[in-house]
Structures are given as C-alpha cells and as structure tokens.
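A.B. asks: Sequence plus predicted model, see below.
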Amino acid sequence: MDKTEILLIILVTIVICCVVVAGLILFNQLNNNTTVTNTSQATEINSDTVSSSSTSDEIDYESYYYSNSFEDTDTDGDGYVTLSDMNLAHTPFDIRDQMYTDSDDDNDGRLNHDEYYKFMYKLNYDRASYGL
C-alpha cells in the first residue's frame, strides 16, 4: 500500500468514528428528552417532569405539553370539564371512556383541573397502557 491509500483509510476511519460518536450523542439526548410536535409548535419535555415531592411519586401531569389547557376546554368556566367539552375524534370510544373513568378520581362524572391533566396525560403519553 502506498501513502495515499493509507491516508484514505485513516480518513475514512476518522469519519466513521465521528458519525458513530454523533449517533451516540443523539441517542443519549433522545433518551433523556422527548420532543412532542404539534403542527404549529414543538415543546421539549425533560425527564424532570415527575414530582419531586417526598410524599408522592405522582406524575406532575400539568407540566407536560398539551394542545389545549384546562381553561381553554372549560368553556363555560364552571371549573369542570366533561367528555362532551372535548374533541376526541381520533380515540376509540371505549378506550376514551376508560381513560376518563380512570382520571375521574372523585367519580362525579366530570373532571376538575387536576383530573383533566391526568386525563390529558393518559390520552397523549400513556396510550400504550390502553392498547393504543
């Protein structure tokens, strides 16, 4: 082999190493962060979204990104949201109803502020638990 071939092999090896390192860095970033994309905006969600309270390991549901806030959905301003207030056309009725029931902690048939965000979390981030 002449010097040109050796230099070419070294250069190709360096490029491959750089690509592998860049891929590992990207993989690490994707494991540490999840990006949720809406048609008009993207919001980064850090892995720090779990409540740090020592009394509860409950997820801080409100800290995640959702296309609508509780205030947007509670159009009559009564402090509650029902299924009829939400547009959930892309979710099968039985699964949507189960998510709603699982989120309605006080079983009053409507969702208060905290229950709404629990429901939205299930709808947007916990769909696999419901077979979707």
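C.D. replies: Looks like it arrived, so ask away.

A.B. asks: mind listing the strands for this protein?
C.D. replies: Under the criterion DSSP state E, strands of the chain are mapped to 33-37, 42-46.

A.B. asks: What separation is there between K118 and E62?
C.D. replies: 9 Å (CB to CB, to the nearest Å). All C-beta atoms are positioned from the backbone trio N, CA, C, and that covers glycine.

A.B. asks: what about these two, which has more around it?
C.D. replies: Set K118 next to E62 and count neighbours by other CB atoms under 10 Å: K118 wins out with 22 against 16.

A.B. asks: Excluding covalently adjacent residues, which one is nearest to that one?
C.D. replies: S103 (4.4 Å; CB to CB, 6 or more residues apart in numbering).

A.B. asks: ok, how many other residues are close to the one you found?
C.D. replies: 19.

A.B. asks: Equivalent analysis for Y66, please.
C.D. replies: 21.

A.B. asks: Give me the domain ranges for the protein.
C.D. replies: Domains of the chain are assigned by automatic domain parsing as 1-47, 50-126.

A.B. asks: Out of the ones you listed, flag the one nearest L132.
C.D. replies: Nearest to L132 among the domains of the chain is domain 50-126 (6.3 Å), distances taken as CB to CB.

A.B. asks: roughly how far out does the closest one sit from the chain middle?
C.D. replies: Offset of domain 50-126 from its chain centre (CA atoms, centre = their mean, to the nearest Å): 14 Å.

A.B. asks: Tell me which residues touch D105, please.
C.D. replies: 114-115, 118 (CB atoms under 8 Å, 6 or more residues apart in numbering).

A.B. asks: let's go with 7 Å and repeat that
C.D. replies: E115 (CB atoms under 7 Å, 6 or more residues apart in numbering).

A.B. asks: Torsion angles phi and psi at it?
C.D. replies: Main-chain torsions, D105, degrees, to the nearest 10: phi -60, psi -40.
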